[in-house]
Structures are given as structure tokens and as C-alpha cells.
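Chemist: sequence first, then the predicted structure:
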Amino acid sequence: MPLVNISILKGKSPDYIKAIADGVNSAVIETMGFPEDDRYQIIHEVEPHCLQFQQRTGDRVMMHLVMRAGRSNKSKQEFYAKAVKNLKENPGIEPNNVLITITENHDIDWSFGDGVAQFVV
């Protein structure tokens, strides 16, 4: 159940956006053991000059996952590999054009509604 912020270039089709969202979600579920129905994603579409990634050009993706602490280094490494594999397969983004960061936090740092920290109740 990470909160996944995904930044992509503006002007992509709904199918392209869905392929990215589904590919990232599938990788999260497969490698880090999150439930299939825990999907929290925000897709940001930005102008090319607003998605700067060294000298890379063409399609590129930057994503930042925020999640509860506790996943192993191995599962994170497996996630990185699976995510770029999925995005290469569909919609065709080169693996070197995918940047992934993860920030971990604690149970108290989450409220899914009603002003309640559901993990600590």
C-alpha cells in the first residue's frame, strides 16, 4: 500500500497512462507483497522541460513511493527491476529512463480517512 507519485510527460494517451499505472502496481504487488486492492497512485503529467532527468530524452518516468518501513533491501531491488521490466514491455519506456525513489515512514504517518490513524488504532 505505498502511495505512488508517478511523473510522466504530458500528452500521453489514456492507454499509455494505464500501462504505466498497471505496470508499477503489478511490480509492487509481486515483489513487496502488498494486497491487490491497495492501490494509491497519483499520475502527474508534466511538460518535457519540467521533467528533467540528466541528459535523457524521449519517454521518461520519475516515481516516488512513500510506504511503511519494513521491506527488505532485496524486495526493493526486485521491485526496481520488475517495474522497469514492466514499463519496457508496455508502454515501451527504456529502463535507463526510469527513476525510482522510496521513502519509508511509520504507522502513525498514515490516515486513510475520517481523521484516524488506522494502523495505530
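Modeler: Yes, it's here.
Chemist: those strands in the chain, which residues are they?
Modeler: Applying DSSP state E to the chain gives strands spanning 3-9, 40-46, 61-68, 98-105.
Chemist: list the contacts of the residue nearest to Val4 when sequence neighbours are not counted.
Modeler: Spatial nearest neighbour of Val4, excluding adjacent residues (C-beta to C-beta, 6 or more residues apart in numbering): Gln41 at 4.6 Å. Where you see a C-beta, it was placed from the backbone N, CA and C, and this is true even at glycine. Residues counted as contacts of Gln41 (C-beta atoms under 8 Å, 6 or more residues apart in numbering) are 3-6, 21, 24-25.
Chemist: again, only this time at 7 Å
Modeler: 4, 6, 21, 25 (C-beta atoms under 7 Å, 6 or more residues apart in numbering).
Chemist: also Gly113?
Modeler: Gly113 neighbours (C-beta under 7 Å, 6+ apart): none.
Chemist: and the gap between it and Gln41?
Modeler: For Gly113, the distance to Gln41 equals 17 Å [C-beta to C-beta, to the nearest Å].
Chemist: equivalent analysis for Gln52, please.
Modeler: For Gln52 relative to Gln41 (C-beta to C-beta), the value is 22 Å.
Chemist: partner residues bridging the closest residue to Tyr40 other than its chain neighbours?
Modeler: Spatial nearest neighbour of Tyr40, excluding adjacent residues (C-beta to C-beta, 6+ apart): Leu3 at 4.8 Å. On DSSP bridges, the residues paired with Leu3 through beta bridges are Tyr40, Val66.
Chemist: so how many other residues sit close to Val46?
Modeler: 13 (other C-beta atoms under 10 Å).
Chemist: again but with Val4, I slipped
Modeler: That count, for Val4 with other C-beta under 10 Å as the rule, works out to 22.
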